[in-house]
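Engineer: sequence plus the predicted model coming up.
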Amino acid sequence: MNFSRLKKDSDFKRVYNKGKSYGCKNLVLYYLPNGTDEFRVGFSISKKVGKAVVRNRIRRYLKESLKFYEPQGKGLDIIFIGRVAASESDFHDVRKSAGYLFKKTGLKIYEKNIKKSTDL
């Protein structure tokens, strides 16, 4: 999924205040249409989740899991919030949680058909 990063505090506040949210055990997803064709994503992982190493691992898992999804239609601003349970989850759990939240929102974000490598 080709995303730009959501970095400005004002953009985060706009999505939090005006956007819709859905949650599961590992993640919370906030989203808001941005009126452009650009998809932007931001990550917020609290210090309650763990030290920097743990927070960065969750962020890396989320970035990698987004490569498995393809957006359709108009642009969105999306924010993922990592919960404490995500610190004990592996990549596959985080990816499943992201996919579940995309389905739950009803947005046109579909899983890509990626061939699995059997060379491992």
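Structural biologist: Done, it's in.

Engineer: partners of the worst-scoring helix or strand of the chain on mean pLDDT, with directions?
Structural biologist: One helix or strand of the chain scores below all others by mean pLDDT, DSSP states H and E: strand 109-111, with a mean of 79. Using DSSP bridges, strand 109-111 pairs in its sheet with strand 69-71 (antiparallel).

Engineer: can you name the element that comes right after the strand it pairs with?
Structural biologist: strand 76-82 (DSSP states H and E).

Engineer: give the other helices and strands that that following strand contacts.
Structural biologist: helix 9-18, strand 27-33, strand 40-45, helix 52-66 (3 or more C-beta pairs under 8 Å, 6 or more residues apart in numbering; DSSP states H and E). From N, CA and C alone the C-beta is placed, and that goes for glycine too.

Engineer: could you count how many residues lie near Ser10?
Structural biologist: 7 (other C-beta atoms under 10 Å).

Engineer: same thing with Asn56?
Structural biologist: Asn56: 13 surrounding residues under other C-beta under 10 Å.

Engineer: and if you look at Arg57?
Structural biologist: Arg57 has 19 neighbours, counted by other C-beta under 10 Å.

Engineer: can you check the pLDDT for it?
Structural biologist: Listed pLDDT for Arg57 reads 97.

Engineer: Gly50 versus that one, what's the distance?
Structural biologist: Noted for Arg57: a distance of 9 Å to Gly50, by C-beta to C-beta, to the nearest Å.

Engineer: quick check: buried residues in stretch 31-51?
Structural biologist: Neighbour-count burial for stretch 31-51, counted by 16 or more other C-beta atoms under 10 Å, picks out 31-32, 34, 39-43, 45, 49-50.
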